[in-house]
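Colleague: I would like to see how this sequence folds:
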Amino acid sequence: MSEHHPAGERGDPGSPQSRNELILQHEVLRTTAENLELRERIESLEEQLKKLNGIIRNSVIKVDLDAESEQNTSIQPELTAIIRKKDRQYLGMFEYQKEDEVKILRQLILELKPKVAFAELPGLPAYILFMCIRYTDYMNDDEKVRSLLTNGIGMIKKIIYKKSELNVSVLWLSNILRLLHTLKQYSGDAVFQKENTQKQNEQCLKNFDLAEYRQVLSDLAVWVYTVSARVLKICLKYHPIVPVFLRLLRWRA
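Modeller: So this is what the prediction gives:
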């Protein structure tokens with residue numbers, strides 16, 4: 001006689017049949033989760049597709065309207081007026097307030113790095129100082145021009161003393177000479193106007209004679225040159241290549 005198990009009785013959990021049922025249940029659950037995830041992605045993509053279709057449709061309408069507008073514009077008579085700018089007359093002045101003088105000089109002299117200055121227009125600090133001088137001359141403010149030149153010369157001496165570096169000395173030697181020659185060129189003295197253009201002669205100083213300050217700048221240039229030569233001598237004395245170079249010269253001689 002064959003034995004029958006009750007209908008509700010489960011098989012042995014360790015039997016192959018039970019393991020297969022567990023694996024099957026796991027696969028069903030995984031497949032169901034993947035299907036749900038795919039459905040959500042499909043719904044999200046469908047929503048994005050609807051938005052893109054709307055954008056494309058609006059873009060097509062806009063292009064059609066722009067094309068129609070251009071066509072209508074080409075049919076209408078030309079109504080756009082041309083605006084022409086008049087030639088501007090540059091006075092070559094730098095307007096500034098008395099309370100800004102120290103700030104301008106600090107930025108232009110004390111805080112100017114040689115590396116930055118050498119990358120700009122040669123003599124740019126000197127030209128800016130001269131533009132300030134021209135403004136004080138235009139305003140006929142002798143107190144302002146005296147303060148500007150006195151403080152500027154003082155700051156140049158200060159930076160030379162403070163740094164004692166060759167590049168700083170060379171930078172300000174070149175700018176002092178540039179400012180000195182520019183003051184001569186635009187002084188109004190006939191001896192310095194021979195090579196000026198008519199426009200340059202029109203821009204000469206009208207109210208101030210700065211001959212004494214030109215002499216001060218000349219003396220300052222000599223002093224800066226002396227400092228530069230002394231600094232250069234020290235640099236050459238302790239540079240390792242100089243003794244080798246001198247021995248090479250003696251050997252060739």
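
Colleague: give me the element the most centrally placed residue in the chain is part of.
Modeller: In the chain, the residue lying closest to the centroid (Cα atoms, centre = their mean) is V116, at 11.7 Å. Assigned by DSSP states H and E, V116 belongs to helix 114-119.

Colleague: in that helix, what counts as buried?
Modeller: Buried positions in helix 114-119, judged by neighbour count with 16 or more other Cβ atoms under 10 Å: P114, A117. Any C-beta I mention is one placed from the backbone N, CA and C, and that applies to glycine too.

Colleague: alpha carbons of it, in CSV - could you do that?
Modeller: Extracted C-alpha coordinates of helix 114-119, given in CSV (Å, rounded to 0.1, in the frame of the first residue of the first chain):
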residue,chain,number,x,y,z
PRO,A,114,58.9,96.3,-11.1
LYS,A,115,57.7,93.1,-12.8
VAL,A,116,54.3,94.7,-13.4
ALA,A,117,55.8,98.0,-14.5
PHE,A,118,58.1,96.4,-17.0
ALA,A,119,55.2,94.6,-18.6
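
Colleague: ok, the residue nearest to the centre of the chain to G154 distance?
Modeller: V116 is 22 Å from G154, where distance means Cβ to Cβ, to the nearest Å.

Colleague: please apply the same query to Q193.
Modeller: Separation of Q193 from G154 (Cβ to Cβ): 31 Å.

Colleague: more neighbours: these two, which one.
Modeller: With neighbours defined as other Cβ atoms under 10 Å, Q193 and G154 compare such that Q193 has more, 16 against 12.

Colleague: need the contact list for the more buried one.
Modeller: Q185, Q200, N201, C204 (Cβ atoms under 8 Å, 6 or more residues apart in numbering).
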